[in-house]
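**Student:** below are the sequence and a predicted model for it; my questions follow.
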Amino acid sequence: MAEQITFIIGSILALGAGFIVVTNRNLFHGALALMISFLGVAAIYLSLDAGFLAAAQLLIYIGAISILIIFAIMLTRRMMQTTEDPFNSQFLLALAASVTVFAILFSAIVYVWPLTASNSVPLAAKTAVADAVLQDTVVNLGSAFVGADGYVIPFELASILLLAAMVGAIIVAWPKPEDVA
Amino acid sequence: MNIAELFPKLLDLTVFDYLRSVWGNAPWVEVVLDIIAILTVSTFALLLVFLLGWTERKVLARMQDRIGPNRVGGRFGQLQMVADVVKMMTKEMIIPAGADRIAYFAAPILSLMTSLLLFAVLPFAPGLIGVDLNVGVFYVLSISSVSVVALLLAGWGSNNKYALLGAFRSVAQLVSYEVPMILSILVPILLARSMSTVGLVEAQPIPFFFYAPLSAVIFFVASLAETGRSPFDLLEAESEIIAGFHTEYTGMVFGLFMAAEYIGIIFMSALFVTAYWSGYRLFGLENVVLNGLQLGRILGFLVIAGKTAVVFFLFMWIRATLPRFRIDQLLNFGWKFLVPLSIVLIFVVVILDKVLVEVGLVGGSNEVVRMGIHLVSNLLIGWATIEILRRRAKTARQDYEAEAAARDAARVTAPAHAD
Amino acid sequence: MIPLSWYLIVAALLFSMGLYGVFARRNAVAILMSVELMLNAVNINLVAFWRYLAPDQVTGMAWAIFVLTVAAAEAAVGLALIISVYRNRDSVVAEELDLLKN
C-alpha cells in the first residue's frame, strides 16, 4: 500500500514537474521544477527499496547539480528577461519525434510486460527477497566498488572522469586575463 | 486508559502497540500512528527553539556583561520568546515589489522542513528514534545539502541585491564546508563500521572523541560553518550585507528562518554528540531498569540532552567570543586546511584500523588499546600539522618583513621621486 | 503490487519529455536540464530492473551510481561551457551559436 502511494506521488511529481521544466518560459522556475522532478524520482527509488540511491539522488542531483544549474542561470540572467518564445522553429518536428519515441517505447514495453497485475504476466510483482538482503545492498555495493571481481576499474575510471571534469570546468570557466582587470 | 497505565508503556515503547490493540488493524491506523510520531518529534524540536532561544539571549547577554531579557514573565524574562513569537505573528508581512512569489514563499518552508526532517534519524534514547535507517548519516548529509537550495530561493526570490549577494556567499560557504564535514564524519563511520546513527552509538563504549579528537574538532568547526554561526556568520553579516538572504523577510516568515536556524544548531550539536560523544550512553546509565520500569530511557534522554546542551553552550561561547572571518579567509581555511587534513585523517584511520583488525586488537578488552593507538596517531598528526603551520607562518612573516624593509629602504633612498 | 511496466512507462514518458526539451528549447541551460531529465529516466529503468530481476545482486544499483557520477561531470562541464560561451558571445541561445556554420 505504502509502496503504491509512494510510486504514485513520485510519478506525479517527476512527470508534472518534468513537463514544467521543458515548457516553462521562466528558466528559474524551470530549475525549481527540475528539483521537484528529481525529488519525485527519489520517491520512485524509495518505492523500489533503494533508499541509498534516493539519498544519493538528493545529495547529488538536488544538492549539487540543481544548484550548479541555478548558478548558471543567475550568471547568464540577462537571457531570462527575454519575452520571446522559449521554443525554436522546429518544435512541431520535435514534438512529433518525441511522441514517436514514446509510442515505440510504450508499445515495446506493453508488448513484453502487460499493464495488468495478474499472475500470468511476467514480472507483475517485485521478486520476493528477504529484508536483510535489501538492507545489505549498501554493504555489497561498497565491496563491489572496490573488489577485484566487482567494479573497481569502472569506479576508478569514474573518479578520474570526475577529476578531469572538475579541472576542465575550472579551465573553461576561468575568466580571460583581460576580463579580470 | 489512565496515566499510570500509560507511563510504563511509554517507557517500554509499546504505546503504539497498545494503540494498535485499541484501534484494531484498519489500514488507516498505521497512517495515523505515523502522523502522531511525526508530529511528536517536530513539536518537540520546535519547542526546543523556545527554550534555547531564550537561553542563548540570556547567556550571550551575560557574556557581554548585560542582563538580557528581564521583563516578560518574571525577572529572568522566561516568557520572552513567547512575546517574540506573538510579535512576529502580529507583524505585517511585507512582500517586496518584483519578488518571485513562488521562490519567496517556498524558501522559509523548505528551510524549516529540511531542519525538521533531520530529527527523524536522531536517537534520543535506547530504541527511541524516528527511523533507524541503515544509511542514517548519509541521509543527514543529503537532507542538509538540500537546505542550501532554500538560501538560493530566498536570495533570488527577494529581488534585492543584498539578499542575492548574501545567498551567493552562503551557498559558497555551505557547499565548501560540506566537504570537510562529510570527510570528518567518515572517521566515526569507519570506526563503527556502520552508517546508522544507532549503530554509531552502539559502537561507542568509549566515545569516538578519544579515538579521533582531530576529526571531532574538524567536524565541530564544519558544523559551525554549516549552521552559519560565528565566526562563520557571513550568511548574515549585518554590517556588510544587511542580513544576507533573509533581508526582505518580515514577521512569521522570518520567524520560520530563525526556527530553522535554531533547529539546525540543535541537531548539529546532537549529531556531534551522537558521532563523537557516544550519544545517550554514559557508563551504562541508559540500561537501568527499576522495578520493571525502563528508567534507562529517561536517563539516556537526559544524558544526550545534557551533552547536547554542553555543545550548544560551546556554540554560544564561540559566538560571543570570536570575530567574523573574511570570505576569502573562510574559503581558504576550508579548502586548504580542513579538507587536506581530514583526507589525511581518513587514510590514517583506514590503514591503522585495518592493521588492528588483522592483529586482532579490536573489540572487548582490546578496545582501550585500539583507542590508545588511534589517539597517539591523531596526536602525531596534530603535532605535525602545527609544526608545518608554524614553519609556513614563519616564512610568511619573514617574507613580509623583508618586503616591508625593502619598502622602507626605497622610501629612504629615493625621496627625490616623490614629486 | 505494481507491475514492472508501470515504472518503465513512467521512465519512458520522462525520457520523451526530456527528448522534446532537447530538440525544442532555445536556451542552452534548458537543454542541459532536459538532458538531466533523460538521465533520470534511464536511472529509473536501471533501478526498476534491479529490483524486479536481481535484487540480490548490485549490478543495477552500481550502474545507477555510475550514471549519477557521469551526470555530475556532465553538468559541471556543460555549465562551464555555457558560462564561457555567454562571456564570449553574450548569448546562450543554441541557434545563435553558429560560428562554424558560416
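**Tutor:** Okay, I see it. Since we're looking at a predicted model, the values are computed, not measured.

**Student:** and A:R25, what are its phi and psi?
**Tutor:** phi -80, psi -40 (degrees, to the nearest 10).

**Student:** contacts only, for it.
**Tutor:** Residues in contact with A:R25 (Cβ atoms under 8 Å, 6 or more residues apart in numbering or on different chains) are A:P86. Heads up, the C-betas are built off the backbone N, CA and C, glycines and all.

**Student:** measure it to C:R25 for me?
**Tutor:** Separation of A:R25 from C:R25 (Cβ to Cβ, to the nearest Å) stands at 11 Å.

**Student:** give the residues shared as contacts by those two.
**Tutor:** A:P86.

**Student:** against B:Y249, how distant is the residue nearest to B:T250 when sequence neighbours are not counted?
**Tutor:** Excluding its sequence neighbours, the residue lying closest to B:T250 (Cβ to Cβ, 6 or more residues apart in numbering or on different chains) is B:I94, at 5.1 Å. As judged by Cβ to Cβ, B:I94 and B:Y249 stand 9 Å apart.

**Student:** residue ranges with poor pLDDT in chain C?
**Tutor:** In the predicted model of chain C, residues C:102 satisfy pLDDT under 70.

**Student:** would you map the helices across it?
**Tutor:** Here chain C has its helices, by DSSP state H, at C:4-24, C:28-53, C:59-89.

**Student:** would you turn these into CSV with mean neighbour count and distance to chain B?
**Tutor:** Below are the helices of chain C laid out as CSV (neighbours: other Cβ atoms under 10 Å in any protein chain shown; distance: least, Cβ to the nearest Cβ, whole Å):
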stretch, mean neighbour count, distance to chain B
helix C:4-24, 23, 20
helix C:28-53, 23, 15
helix C:59-89, 19, 12
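
**Student:** that older thread, quick one: contacts for the residue nearest to B:T250?
**Tutor:** B:248, B:250-251.

**Student:** how is it assigned, secondary-structure-wise?
**Tutor:** Under DSSP: H, G, I helix; E, B strand; the rest coil, the three-state class of B:I94 is coil.

**Student:** closest to B:L282 out of the helices of chain C?
**Tutor:** helix C:59-89 (38.6 Å; Cβ to Cβ).

**Student:** does the closest one reach chain A?
**Tutor:** Yes - using Cβ under 8 Å from any Cβ of the partner chain, helix C:59-89 reaches chain A at C:61-62, C:64-66, C:68-77, C:79-84, C:86-87.

**Student:** I'd assumed B:F232 was in contact with B:P323.
**Tutor:** No - at 11.3 Å, B:P323 and B:F232 do not qualify as touching, with contact defined as Cβ atoms under 8 Å.

**Student:** all helices for the stretch 101-250 of chain B, in order.
**Tutor:** B:101-118, B:136-157, B:161-192, B:197-202, B:213-226, B:238-241 (DSSP state H, counting those that start in this stretch).

**Student:** do the stretch 301-419 of chain B as well
**Tutor:** B:327-332, B:339-359, B:367-413.

**Student:** for B:S278, see how far away the residue nearest to B:T250 is.
**Tutor:** Separation of B:I94 from B:S278 (Cβ to Cβ): 47 Å.

**Student:** report the residue spans of chain A with pLDDT below the cut-off.
**Tutor:** A:77-85, A:116-124, A:178-181.

**Student:** mind giving me the domain ranges of it?
**Tutor:** A:1-82, A:92-125, A:127-181 (automatic domain parsing).

**Student:** among those domains, which comes closest to B:G228?
**Tutor:** domain A:1-82 (16.6 Å).

**Student:** does B:S278 count as helix, strand or coil?
**Tutor:** Quick answer, by three-state DSSP: B:S278 is coil.

**Student:** surely it is in contact with B:E202?
**Tutor:** No - in this structure, B:S278 is not within contact of B:E202 by Cβ under 8 Å, at 9.3 Å.

**Student:** once you drop chain neighbours, what's closest to B:F272?
**Tutor:** Using Cβ to Cβ, 6+ apart and skipping the chain neighbours, the partner closest in space to B:F272 is B:V311 (5.5 Å).

**Student:** how about the contacts made by the one you found?
**Tutor:** Per Cβ under 8 Å, 6+ apart, neighbours of B:V311: B:220, B:269-270, B:272-273.

**Student:** okay, the contacts of B:I94 in CSV with neighbour count next?
**Tutor:** Shown next, in CSV, are those (neighbours: other Cβ atoms under 10 Å in any protein chain shown):
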residue, neighbour count
B:E248, 22
B:T250, 15
B:G251, 15
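
**Student:** still on that earlier bit, and the domains of chain A, which is most packed in?
**Tutor:** Mean neighbour count (mean count of other Cβ atoms under 10 Å in any protein chain shown) peaks for domain A:1-82 among the domains of chain A, with a mean of 21.

**Student:** how far off centre is that domain?
**Tutor:** Centre-to-centre, domain A:1-82 and its host chain are 8 Å apart (Cα atoms, centre = their mean, to the nearest Å).

**Student:** B:M258 and chain A, how far apart?
**Tutor:** 23 Å (Cβ to the nearest Cβ, to the nearest Å).
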